[in-house]
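A.B. asks: the following block contains a protein sequence and its predicted model.
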Amino acid sequence: MKYEKTRQTVLNAILDCVDMGLIHGTSGNIAMKDPDEDVVAITPSGIRYKTMTVDQIAIVDMNGKWLDGPFKPSSETPMHTAVMRARKDVTATVHTHGMFATICAMNWELKPITPPQCEFVPVRIVPFTMPGSDEVAAKVVETLGEDGLSCLIKNHGMFCCGKNMAQAMAAAIYTEEMATTTYYAKVAGIYEPMPEEAIKKMKALIAADQAV
């Protein structure tokens with residue numbers, strides 16, 4: 001099977017998202033660029049992830065054209081491939097419909113409450129546009145900018161990316177954690193994110209691989 005290692009990485013990531021409650025049923029999707037060729041492995045559309053096998057992961061080119069796999073690629077393929085085309089540093093992308101990220105996407109841009117969350121800010125909000133469209137793909141690219149790792153999509157969920165699958169998955173996990181702590185802190189009336197200066201220092205430590 002071609003691109004087996006890349007396909008396996010995508011399958012492992014989507015199963016981890018299901019186990020963590022970031023993805024339910026057939027919602028959400030994950031993609032990864034192959035390290036050797038300009039193709040992308042992406043979860044297929046409408047297939048339950050818990051029963052999915054490696055050979056069912058779809059392969060598309062960098063423009064989203066379906067090349068291989070028995071099932072049609074995710075309807076959000078345009079969003080994943082658009083980010084990878086725009087950002088040469090990105091090889092993995094994760095889109096989830098986590099509950100708290102979806103709630104915060106309606107009006108709350110996220111700020112870190114704990115130090116590990118600092119790596120993934122700013123987390124800006126993409127205005128609602130129809131899922132699967134070139135328009136939402138373009139807005140996600142614009143909102144992430146040149147170095148963003150995470151954004152919220154209004155009435156939809158979140159989109160995260162990274163230099164590898166580990167970073168993209170960490171972005172998804174910590175963005176949902178940021179959204180969860182933000183929601184409960186605001187409801188409790190005790191919301192107090194980290195100071196901006198502390199965020200900058202923490203981001204620098206993480207970038208230098210010196211965070212504890």
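C.D. replies: Yep, that arrived. This one's a predicted model, so the numbers in the text were calculated from it and none came from an experiment. Numbering: from 1, shown residues only.

A.B. asks: quick one: least confident helix or strand in the protein?
C.D. replies: Sorting the helices and strands of the chain by mean pLDDT, DSSP states H and E puts helix 196-207 at the bottom, at a mean of 93.

A.B. asks: the helices in the chain, which residues?
C.D. replies: With helices called from DSSP state H, the chain shows them at 4-19, 77-86, 99-104, 134-144, 165-188, 196-207.

A.B. asks: now distance to Lys65 and mean neighbour count too, for these, in JSON lines please.
C.D. replies: The way it works is simple: take the backbone N, C-alpha and C, and place the C-beta from them, glycine included. Shown next, in JSON lines, are the helices of the chain (distance: least, Cβ to Cβ, whole Å; neighbours: other Cβ atoms under 10 Å):
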{"stretch": "helix 4-19", "distance to Lys65": "17", "mean neighbour count": "19"}
{"stretch": "helix 77-86", "distance to Lys65": "9", "mean neighbour count": "22"}
{"stretch": "helix 99-104", "distance to Lys65": "30", "mean neighbour count": "21"}
{"stretch": "helix 134-144", "distance to Lys65": "14", "mean neighbour count": "19"}
{"stretch": "helix 165-188", "distance to Lys65": "23", "mean neighbour count": "20"}
{"stretch": "helix 196-207", "distance to Lys65": "36", "mean neighbour count": "14"}
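
A.B. asks: in TSV, list the ones you listed along with distance to Val123.
C.D. replies: Below are these laid out as TSV (distance: least, Cβ to Cβ, whole Å):
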stretch	distance to Val123
helix 4-19	18
helix 77-86	15
helix 99-104	8
helix 134-144	9
helix 165-188	6
helix 196-207	12
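
A.B. asks: figure out which of these is closest to Thr114.
C.D. replies: Nearest of these to Thr114, taken as Cβ to Cβ: helix 165-188 at 7.2 Å.

A.B. asks: only alpha carbons, please: show that closest one as PDB.
C.D. replies: C-alpha atoms of helix 165-188 as PDB (Å, rounded to 0.1, in the frame of the first residue of the first chain):
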ATOM      1  CA  MET A 165       1.200  15.500  13.800                       C
ATOM      2  CA  ALA A 166       2.400  15.700  17.400                       C
ATOM      3  CA  GLN A 167       2.300  19.500  17.300                       C
ATOM      4  CA  ALA A 168      -1.000  19.600  15.500                       C
ATOM      5  CA  MET A 169      -2.600  17.200  18.000                       C
ATOM      6  CA  ALA A 170      -1.100  19.200  20.900                       C
ATOM      7  CA  ALA A 171      -2.700  22.300  19.500                       C
ATOM      8  CA  ALA A 172      -6.100  20.700  19.300                       C
ATOM      9  CA  ILE A 173      -5.800  19.300  22.800                       C
ATOM     10  CA  TYR A 174      -4.600  22.500  24.400                       C
ATOM     11  CA  THR A 175      -7.100  24.700  22.500                       C
ATOM     12  CA  GLU A 176     -10.000  22.600  23.800                       C
ATOM     13  CA  GLU A 177      -8.400  22.800  27.300                       C
ATOM     14  CA  MET A 178      -8.100  26.600  26.900                       C
ATOM     15  CA  ALA A 179     -11.700  26.800  25.800                       C
ATOM     16  CA  THR A 180     -12.900  24.600  28.700                       C
ATOM     17  CA  THR A 181     -11.000  26.500  31.400                       C
ATOM     18  CA  THR A 182     -12.200  29.800  29.800                       C
ATOM     19  CA  TYR A 183     -15.800  28.800  29.800                       C
ATOM     20  CA  TYR A 184     -15.900  27.600  33.400                       C
ATOM     21  CA  ALA A 185     -13.900  30.500  34.700                       C
ATOM     22  CA  LYS A 186     -16.200  33.000  33.000                       C
ATOM     23  CA  VAL A 187     -19.300  31.200  34.300                       C
ATOM     24  CA  ALA A 188     -17.800  31.200  37.800                       C
END
